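Participant: Sequence first, predicted model second:
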Amino acid sequence: MSEPILKIENLVVHYETRNGVAEAVNNISFSVQPGETLGLVGETGAGKTTIALTVMGLLPKPAGHIVQGKIELDGEDITRYASRSHRNNVKEDKLFQHIRGEKVGMIFQDPMSALNPVLTVGEQVAEVIRLHNKVSRAEAAKRATEMIELVGIPGTRFNNYPHEFSGGMKQRIIIAMALACNPKLLIADEPTTALDVTIQAQVLELMRGLREKFNTAMLMITHDLGIVAEICDKCAVIYAGEIVEYGSIEHIFNNPKHPYTLALFAALPNLDEDVDRLHSIEGLMADPMDLPTHCTFYDRCHMRCDKCKEIDPKTVEIEPGHLVKCCLFTGDLDEKEAQT
Amino acid sequence: MSNTLLEVKNLKKYYPVPSGTLHAVDDVSFTLNKGETLGIVGESGCGKSTLGKTILRLTNPTSGQVIYGGQDIASIPDREFVKLRPELQMIFQDPMSSLNPRMSVKQQIEEPLLIYKKYPDRAEREKKVLELMDTVGLARRYAEMYPHELDGGRRQRIGIARGLSLEPKLIVCDEPVSALDVLIQAQILNLLMDLQQEKGLTYMFITHDLSVVKHISNNIAVMYLGQIVEQCETKRLFNHTLHPYTKALLSAIPVPSLQKKRERILLKGELTSPINPKNCCRFAPRCIYATEQCFGKAPELKDVGNGHKVACHRVAELNDLSET
Ligand SMILES: Nc1ncnc2c1ncn2[C@@H]1O[C@H](COP(=O)(O)OP(=O)(O)OP(=O)(O)O)[C@@H](O)[C@H]1O
Ligand SMILES: Nc1ncnc2c1ncn2[C@@H]1O[C@H](COP(=O)(O)OP(=O)(O)OP(=O)(O)O)[C@@H](O)[C@H]1O
Ligand code: SF4
Ligand code: SF4
Ligand SMILES: [Mg+2]
Ligand SMILES: [Mg+2]
């Protein structure tokens, strides 16, 4: 097997706020091989964006901290750079930006904050191209126009400003910018949330093409299980900052095991079937400022038993490559209990 | 119909841009009954948000009428409109840009109550704010936190609480759940439907998620580049899809299953620019059925039976319209 492009080991990230410490990422490990797409799914607040920001070295200052763990990008340990508080001199900062810029492209969840309101969208895409390639202004503008058209926006809108674009169109510009530099790893944070399905299908097609052509690895953050089925090879289901289930998409879709993963599937509105109420589970995501020491899903789990309240379940491999973090599978319960 | 809450007639919203006039909303008409939900779906940039904002007068229409409560709210003077404002609310697409970053959760939800001088008594107002937080499922401990400290789902709940605070009659929901994961999405959709039952609310529900719109709407209007191309009762749209764009749209839905794969109609071809559009079917450059006629003349939105409205020259040729 080749070297993973991204390898995260035992990552713990906290936000320190006036109101306490938010334990956003709790001991997460995974790796992404070149050409592989890993989906990160999970509820809002699960810590998905935080993982992405950490890899990008963009944790908000001063609240965000890497408490523990290791991040390797293309074989290089970047943990030190990724933690902003450690990146105290300009030289290190530059160096990191360079490593990151060469290798990682990111599509942000919130398109507005990633675009400069005083530059036209075309200029912004061209700027990214010039940052990564030694090309003339005219050549960059030409390539930028191509990229803009590739994401389904008429090239004639090159000279529009971000505020003249709809939410989804801004998102497509962000996607064009990220794809323009042919990154080895593309981190996409809900890249198609604002897009309608026909454009989404085109964008996913575009990403698939990129993967085939350049063997780009992708970290696809989404809450749309349809997209995961469509484009991912592997999938990690995240709950309260932990991976509760991990496996190939065949494992996750054909043989889901964790009660939370099962709840996710049950809550989907179904096109082929009419229901009056969607199936949801009561309660909110565990509070990252006040996480229990036992299973974090306990309060909402309909398969829980008393044992679950006493232990923090270990992660077990229930079949090769399929990991689940739940008491039902650790052998801590006897068979009879597990059936109820 | 006495049951009509809102009637939109030939509404247009054009923006002047450097290269011409951008037709964001171009001659849109529909009626919306009290207590019902109209779903608006369509491609990103097709004018859904602009339509919602123009109806609620958050931006002025270029022409057309919006009849609400017997008067054209698009043309009444501001001081008259202000009185109606609480009845007409919007829940926004992008929670971050519609929230004030310097206001706590409590202040955000309190703001509309202050502006419209509801609950002048401070203690009562605070009680109302906490009630609203309960209604949308925001734990009370978030009251003093700021938007940037919250995740997307909780931010959207603030927007929903604000939208509900003035006890509106009509709410334009602009992609209220697209930033949310399925569990919270299911909770919020159930919540919106419960509120509708309880308070007789009327919704215009903008989304690009067809499974969501199918679940929540009585009727659906499909938009393409500023215009409605197909409109009918929800079930009918899925069972008797007539417009080629709607067909492509339905076929492109990603299915959360590895077995059920849909035959996909991938749209090729150039997008028509909404700037100075020609007199043609705006979908023609991407439509596999396009003929010369389609490039020469814009099709009208016509009722082909059973209230099913379609704007396509070839609708009768391409579909069996007798089947119901
Ligand atoms: N700047 C911050 N200060 C304090 N807490 C924060 C900050 N940013 C995020 N958090 C908290 O960290 C947790 C994880 O947030 P994150 O944005 O990573 O979630 P997410 O999985 O991306 O959610 P979503 O699907 O809503 O985008 C949340 O509980 C959030 O409230
Ligand atoms: N202030 C503005 N000035 C110029 N053009 C604008 C302005 N606001 C919107 N537009 C244009 O109007 C069209 C419709 O935009 P709108 O935001 O209504 O789309 P939308 O259907 O809501 O898309 P999305 O699903 O991406 O939110 C787009 O072409 C957009 O670029
Ligand atoms: S450990 Fe217990 S509470 Fe947690 S998910 Fe498994 S069954 Fe549910
Ligand atoms: S009018 Fe012509 S181009 Fe337009 S949708 Fe119908 S067949 Fe296609
Ligand atoms: Mg996020
Ligand atoms: Mg919009």
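Facilitator: Looks like it came in fine. The shown structure was predicted, so the numbers you read here are calculated from the model rather than taken from an experiment. Residues are numbered from 1 along each chain as shown, chains lettered A, B, ... in the order given. Ligands and ions are numbered 1, 2, ... in the order given.
Participant: And the helix or strand where B:E131 lies, what's buried?
Facilitator: Per DSSP states H and E: B:E131 is located in helix B:122-135. Neighbour counts over helix B:122-135 (16 or more other Cβ atoms under 10 Å in any protein chain shown) mark B:125, B:128-129, B:132-133, B:135 as buried. To be clear about C-beta, it is placed using only N, CA and C from the backbone, and glycine gets the same treatment.
Participant: That helix near chain A at all?
Facilitator: No - Helix B:122-135 lies apart from chain A when judged by Cβ under 8 Å from any Cβ of the partner chain; the minimum separation is 11.9 Å.
Participant: got the angle between the helix or strand just after that helix and helix B:122-135?
Facilitator: Next in sequence after helix B:122-135, counting helices and strands by DSSP H and E, comes helix B:152-165. If you take axes from the mean of the first three to the mean of the last three Cα atoms, to 10 degrees, helix B:152-165 sits at 130 degrees to helix B:122-135.
Participant: Remind me what helix B:152-165 packs against, helices and strands.
Facilitator: strand B:88-91, helix B:95-98, helix B:105-115, helix B:122-135, strand B:170-174, helix B:182-199 (3 or more Cβ pairs under 8 Å, 6 or more residues apart in numbering or on different chains; DSSP states H and E).
Participant: And B:K106, how far from B:P168?
Facilitator: Distance, B:K106 to B:P168, by Cβ to Cβ, to the nearest Å: 20 Å.
Participant: scratch that, B:Q71 is what I was asking about
Facilitator: 17 Å.
Participant: neighbour count winner among these two?
Facilitator: Regarding B:Q71 and B:P168, a neighbour count based on other Cβ atoms under 10 Å in any protein chain shown identifies B:P168 as having more, with 20 against 14.
Participant: Count the residues that sit near the closest residue in space to the more buried one that isn't next to it in sequence.
Facilitator: Spatial nearest neighbour of B:P168, excluding adjacent residues (Cβ to Cβ, 6 or more residues apart in numbering or on different chains): B:Q89 at 4.0 Å. If you count neighbours by other Cβ under 10 Å, B:Q89 ends up with 22.
Participant: Spit out the contact partners of B:Q89.
Facilitator: B:56, B:163-164, B:166, B:168, B:170-172 (Cβ atoms under 8 Å, 6 or more residues apart in numbering or on different chains).
Participant: Report the two of those separated the most.
Facilitator: Farthest pair in the contacts of B:Q89 (Cβ to Cβ) is B:L56 and B:L164. Separation: 15.2 Å.
Participant: so what's the residue of the stretch 201-324 of chain B found nearest ligand 2 up against?
Facilitator: Residue of the stretch 201-324 of chain B nearest ligand 2, by Cβ to the nearest ligand atom: B:P274 (4.9 Å). Going by Cβ under 8 Å, 6+ apart, B:P274 touches B:22-24, B:45, B:47, B:225-226.
Participant: Out of those, which is nearest to B:I288?
Facilitator: For those, the nearest to B:I288 is B:L225 (17.6 Å; Cβ to Cβ).
Participant: mind checking the SS state of the closest residue to that closest one other than its chain neighbours?
Facilitator: For B:L225, the nearest residue in space outside its immediate sequence neighbours is B:R282; the separation is 4.3 Å by Cβ to Cβ, 6+ apart. Under the three-state scheme (DSSP: H, G, I helix; E, B strand; the rest coil), B:R282 adopts coil.
Participant: Report whether the expected contact of B:R282 with B:A298 is present.
Facilitator: Yes - assessed by Cβ atoms under 8 Å, B:R282 is found in contact with B:A298 at 7.5 Å.
Participant: Compare the two and say which one has the larger neighbour count.
Facilitator: B:R282 (26 against 18).
Participant: wait, what's in contact with the more buried one?
Facilitator: Neighbours of B:R282 in contact, by Cβ under 8 Å, 6+ apart: B:224-227, B:272, B:298.
Participant: Filter these down to the buried ones and hand me the ChimeraX line.
Facilitator: Buried subset of the contacts of B:R282, written as a ChimeraX selection, criterion 16+ other Cβ under 10 Å:
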select /B:224,225,226,227,272,298
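Participant: now, among the contacts of B:R282, which is nearest to A:R300?
Facilitator: B:Y224 (40.8 Å).
Participant: The closest one contacts B:F283, doesn't it?
Facilitator: Yes - using Cβ under 8 Å, B:Y224 makes contact with B:F283 at a distance of 5.5 Å.
Participant: Out of the contacts of B:P274, list just those in strands.
Facilitator: Using DSSP state E, the subset of those located in strands is B:22-24.
Participant: Tell me, how many residues neighbour A:G20?
Facilitator: A:G20, neighbours per other Cβ under 10 Å, totals 13.
Participant: Can you report how many residues lie near A:L264?
Facilitator: The burial count for A:L264: 26, using other Cβ under 10 Å.
Participant: B:K83 now?
Facilitator: 10.
Participant: element containing it, please.
Facilitator: Per DSSP H and E, B:K83 falls inside helix B:78-84.
Participant: what's the distance between that helix and the middle of its chain?
Facilitator: Taking Cα atoms, centre = their mean, to the nearest Å, the mean C-alpha location of helix B:78-84 is offset from the chain mean by 23 Å.
Participant: Run through who's touching that helix.
Facilitator: Helix B:78-84 has contacts (Cβ under 8 Å, 6+ apart) with B:57, B:68-69, B:73.
Participant: Turn those into a markdown table, including distance to chain A and secondary structure.
Facilitator: Shown next, in a markdown table, are those (distance: Cβ to the nearest Cβ, whole Å; DSSP: H, G, I helix; E, B strand; the rest coil):
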| residue | distance to chain A | secondary structure |
| --- | --- | --- |
| B:R57 | 19 | coil |
| B:Y68 | 25 | strand |
| B:G69 | 30 | coil |
| B:I73 | 24 | coil |
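Participant: Which of the residues you listed sits closest to ligand 1?
Facilitator: Distances from ligand 1 to those, taken by Cβ to the nearest ligand atom, are shortest for B:R57, at 31.0 Å.
Participant: That closest one reaches B:A74, doesn't it?
Facilitator: Yes - using Cβ under 8 Å, B:R57 is in contact with B:A74, at 6.7 Å.
Participant: Quickly list what's touching both of the two.
Facilitator: Counting by Cβ under 8 Å, 6+ apart, the residues touching both B:R57 and B:A74 are B:V66.
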